[in-house]
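Visitor: okay, predicted coordinates and the sequence, questions at the end:
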Amino acid sequence: MPSLFTLLLIGCFASSLAEVTCPDGFTLINGRKCVQMAVGQGPHDFIAQECKSIGARLVTIKNQEDNDAISDFAKKSDCYTYWIGVSCFSLNGNTTCYNDDYSGPIIYNNWAPNHPRKLTDKYKFSLSVYAESGWNFALPWKTVDGSSIAYQGICEVPTTFADPSCKYNYNGYCYIPSHEIPGVTTNSTTYPKAQAICRSLNANMVSIHSKLENDYIKSIYKDSGVSQITLGAQAFQPHVFNWVDGSSFDYSYRDPFDTFTGNCLQMYTIRGLWEEINCQVFNYFLCQKKIGDKSENVRLDESKTNLVVPSDLSDSSGCNNAIVLAPGTVTSFGYGTSPLPVVDCLWRVAALGGDQVSIYFTEMEIGDWLFVELKPNVPVRRYNGTMTGFHYVAPGSTAMIVHSSDSDANMKGFKGVIMPY
């Protein structure tokens with residue numbers, strides 16, 4: 001017969017498990033995934049961006065148990081074909097697939113025969129993934145051109161812990177915008193005073209550790225009228241920051257065009273980009289408090305994906321032989337050498353999931369036109385000469401950069417920063 005201590009220990013353990021929950025509108029499955037059907041049907045990027053608008057992503061599936069549970073959830077929602085959070089990229093007949101939560105290449109899969117597809121057209125390099133639910137089991141995954149067909153989708157956010165007093169509950173943390181703090185009349189103030197207000201709530205000014213968390217914070221301020229907030233970071237040397245809560249500074253979403261040297265950081269809530277400011281600037285701010293004393297609410301980790309296995313390792317520019325995933329960098333062929341070689345280049349750039357791919361040209365000194373294209377030979381932007389500070393946000397997750405360097409011999413070339421938006 002179990003001892004009283006054992007029964008109490010089991011009861012406490014069960015109570016702890018029972019506290020795992022989902023934000024309003026999401027359903028907990030397998031005790032570890034919070035899911036919700038996206039509204040309506042649409043192309044892949046449309047549904048992925050719908051999930052993103054509520055601080056979610058298309059669901060990622062990393063084991064058979066979750067695959068079966070997701071299929072069952074879809075079937076109970078009268079959905080039998082749905083987009084999932086996997087993005088595939090194909091180059092020279094080789095296809096690599098990534099989880100849309102930025103956790104890296106997929107390990108588990110449930111591919112149908114002859115999937116993922118292998119593309120050989122140099123202008124078509126992106127594939128979306130959908131799953132199907134049978135009457136009694138999950139059917140295999142398939143890849144398709146996600147812009148050409150409309151399906152439903154399943155959105156996912158991280159699990160969290162129950163806290164009825166918390167309006168913005170995400171991944172085990174409670175987020176408290178300064179303009180919604182009861183009894184506080186100073187919702188826009190300097191960094192030191194903002195941190196003091198957060199500490200009075202047993203919280204700290206916000207630290208951000210992933211693109212997913214950054215997007216969730218953007219969703220908090222949607223339609224709020226607040227355009228920028230000070231973050232909980234301070235510089236300990238120029239351009240090098242620590243988070244005030246002591247967590248690791250393991251993620252950054254700095255504006256590539258930011259050249260100011262400040263001792264604090266602010267976030268623009270519409271685009272989500274960060275830039276340096278003086279800590280004495282008056283701003284709105286966001287407090288962040290860990291819910292309970294839970295060791296389980298570990299933040300999502302993002303792997304740093306970059307070039308997808310270039311076929312020519314002697315060229316790191318990505319010219320013709322790679323797909324550059326955001327966050328990453330593209331440069332003209334031979335950038336940094338003189339004279340520049342003459343070559344016709346195509347760069348393929350992409351972002352994951354519901355993110356739009358953004359190109360920030362931080363350096364440009366070229367003698368012939370550079371084109372940004374969404375379709376072959378149909379430029380949506382063109383650049384030439386010496387310029388800086390130009391950027392383009394694609395409507396979807398992929399774009400191409402095309403440039404011939406036959407007039408660049410005595411010039412510097414160009415550098416572009418690829419960001420997910």
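Guide: Now that the structure is in, tell me what you want to look at. Numbering: from 1, shown residues only.
Visitor: check what pLDDT Asp312 gets.
Guide: pLDDT, the model's per-residue confidence, is 42 for Asp312.
Visitor: how about the strands of the stretch 151-300 of the chain, start to end?
Guide: If you assign secondary structure with DSSP state E, counting those that start in this stretch, the strands in the stretch 151-300 of the chain sit at 152-157, 160-161, 168-170, 173-177, 188-189, 204-205, 228-237, 240-243, 264-268, 274-277, 283-290.
Visitor: tell me which of these is the most buried.
Guide: Stretch with highest mean neighbour count among the strands of the stretch 151-300 of the chain: strand 152-157 (a mean of 25; mean count of other Cβ atoms under 10 Å). The way it works is simple: take the backbone N, C-alpha and C, and place the C-beta from them, glycine included.
Visitor: what packs against that one?
Guide: Using 3 or more Cβ pairs under 8 Å, 6 or more residues apart in numbering; DSSP states H and E as the contact test, the elements touching strand 152-157 are strand 33-37, helix 44-53, strand 57-58, helix 64-76, strand 81-91.
Visitor: tell me which element Leu340 falls in.
Guide: When secondary structure is defined by DSSP states H and E, Leu340 falls outside every helix and strand.
Visitor: before we move on, back to that, which of the helices and strands packed on strand 152-157 sits most buried?
Guide: Mean neighbour count, computed with mean count of other Cβ under 10 Å, is highest for strand 57-58 among the helices and strands packed on strand 152-157, reaching a mean of 28.
Visitor: what packs against it?
Guide: With contacts defined as 3+ Cβ pairs under 8 Å, 6+ apart, strand 57-58 has these neighbours: helix 44-53, strand 81-91, strand 152-157.
Visitor: tell me the bridge partners for Val157.
Guide: Here Val157 sits in beta bridges with Cys34, as judged by DSSP bridges.
Visitor: re the thing from before, got the helices and strands packed on strand 152-157 as CSV, with mean pLDDT columns?
Guide: Supplementary listing: the helices and strands packed on strand 152-157 in CSV, determined by pLDDT from 0 to 100:
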stretch, mean pLDDT
strand 33-37, 97
helix 44-53, 93
strand 57-58, 96
helix 64-76, 95
strand 81-91, 96
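Visitor: out of these, nearest to Ile277?
Guide: Evaluated over the helices and strands packed on strand 152-157, closeness to Ile277 peaks at helix 44-53, with 26.4 Å, by Cβ to Cβ.
Visitor: show me what the closest one is packed against.
Guide: Under the contact rule (3+ Cβ pairs under 8 Å, 6+ apart), helix 44-53 is packed against strand 57-58, strand 81-91, strand 152-157.
Visitor: got a list of contacts for that helix?
Guide: 38-39, 41-42, 57-58, 83, 85, 100, 128, 130, 146-147, 151-153, 155-156, 215, 219, 222, 353-356, 395-397 (Cβ atoms under 8 Å, 6 or more residues apart in numbering).
Visitor: any idea how far stretch 134-148 is from the chain center?
Guide: On the basis of Cα atoms, centre = their mean, to the nearest Å, the separation between the geometric centre of stretch 134-148 and that of its chain is 24 Å.
Visitor: mind listing what's buried in that stretch?
Guide: For stretch 134-148, the buried set under the neighbour-count rule, 16 or more other Cβ atoms under 10 Å, comprises 138, 141-144, 146.
Visitor: try stretch 197-217
Guide: By 16+ other Cβ under 10 Å, the buried positions in stretch 197-217 come out as 197-198, 203-217.
Visitor: helices - which of these land there?
Guide: Filtering those for membership in helices, criterion DSSP state H, returns 197-198, 211-217.
Visitor: all strands for the stretch 301-421 of the chain, in order.
Guide: Along the stretch 301-421 of the chain, the segments classed as strands by DSSP E, counting those that start in this stretch run 323-325, 328-331, 344-350, 357-375, 378-386, 390-393, 398-404, 413-420.
Visitor: can you say which of those strands is nearest to Asn30?
Guide: Asn30 lies closest to strand 413-420 among those, at 28.0 Å (Cβ to Cβ).
Visitor: report the buried residues of stretch 364-371.
Guide: Neighbour-count burial for stretch 364-371 [16+ other Cβ under 10 Å]: 364-367, 370-371.
Visitor: nope, stretch 126-134 is what I was after
Guide: For stretch 126-134, burial by neighbour count (16+ other Cβ under 10 Å) applies to 126-133.
Visitor: tell me, how many residues neighbour the nearest residue to Thr329 once chain neighbours are set aside?
Guide: Spatial nearest neighbour of Thr329, chain neighbours left out: Val417 (5.8 Å); criterion: Cβ to Cβ, 6 or more residues apart in numbering. Val417 sits with 20 neighbouring residues when counted by other Cβ atoms under 10 Å.
Visitor: where in the stretch 251-400 of the chain is pLDDT low?
Guide: Applying pLDDT under 70 to the stretch 251-400 of the chain flags residues 293-316.
Visitor: ok, Thr186 - contacts?
Guide: Thr186 makes contact with 193, 197 under the criterion Cβ under 8 Å, 6+ apart.
Visitor: now it: how far from Tyr108?
Guide: Thr186 sits 49 Å away from Tyr108, going by Cβ to Cβ, to the nearest Å.
Visitor: likewise Ile220?
Guide: Shown here: Ile220 relative to Tyr108, a distance of 32 Å by Cβ to Cβ.
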